[in-house]
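[1] Return atomic coordinates for the entry below.
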Amino acid sequence: MKLCSTAELREKEVINLCDGERLGYVTDLEIDVCDARVISLIIPGEIGFFGCPKGEALVIPWEKIECIGEDTVLVKVNASEVCRCAPERKKHRKRFF
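    Numbering: from 1, shown residues only. Okay, the predicted model is just below:
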């Protein structure tokens with residue numbers, strides 16, 4: 001069994017085998033905490049001013065991953081199988097001081 005940490009996964013470029021498109025890099029994962037399994041990869045949309053995402057994020061279902069290699073993650077998805085979601089805004093945490 002070969003293991004891959006989330007830090008390593010974030011350094012791999014995601015490429016769609018259907019059309020050869022470079023989708024970007026993984027920034028987050030969706031995890032089903034009840035079943036303890038990864039549901040999907042999250043890839044940010046277009047990067048805007050100061051590195052903030054301004055486009056819709058791509059959500060790639062885990063079942064669509066064909067191969068996780070040394071430098072890339074190969075996926076096989078059609079446009080209808082990719083969820084495009086607006087990036088979530090993180091809530092500001094209250095500071096204690």
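[2] And for the spatially closest residue to residue 42 that is not a sequence neighbour, the neighbour number?
    The shortest distance from residue 42 to any non-neighbouring residue, by C-beta to C-beta, 6 or more residues apart in numbering, is to residue 28 (3.9 Å). For the C-beta atoms, the positions are set from N, CA and C on the backbone; glycine is no exception. The number of residues packed near residue 28 is 16, by other C-beta atoms under 10 Å.
[3] Please tell me how far residue 28 sits from residue 37.
    With distances taken as C-beta to C-beta, to the nearest Å, residue 28 is found 15 Å from residue 37.
[4] which ones are touching the spatially most central residue of the chain?
    Of all residues in the chain, the one closest to the mean position by C-alpha atoms, centre = their mean is residue 42, 2.3 Å from it. Counting by C-beta atoms under 8 Å, 6 or more residues apart in numbering, residue 42 touches 26-30, 57-60.
[5] Need the buried ones from these selected in ChimeraX.
    To isolate the buried members of these in ChimeraX, using 16 or more other C-beta atoms under 10 Å:
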select :26,28,57,58,59,60
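[6] where exactly do the helices run in this structure?
    Assigned by DSSP state H, the helices in the chain fall at 6-9.
[7] Can you show me the strands along it?
    13-16, 22-25, 28-32, 37-43, 57-61, 65-68, 72-75, 83-85 (DSSP state E).
[8] Give me the helix or strand of the chain that scores worst on average pLDDT.
    For the chain, the helix or strand with the lowest mean confidence is strand 83-85, at a mean of 64 (criterion: mean pLDDT, DSSP states H and E).
[9] re earlier: which residues does the residue nearest to the centre of the chain bridge with?
    Here residue 42 sits in beta bridges with residue 28, residue 59, going by DSSP bridges.
[10] what's the pLDDT at it?
    Looking at residue 42, its pLDDT stands at 92.
[11] Return the set of residues that bridge with residue 68.
    residue 73.
[12] In the protein, where is pLDDT below threshold?
    46-55, 81-97 (pLDDT under 70).
[13] how far does stretch 61-68 stretch from start to finish?
    14 Å (C-alpha to C-alpha, to the nearest Å).
[14] Same question for stretch 44-61.
    End-to-end for stretch 44-61, by C-alpha to C-alpha: 15 Å.
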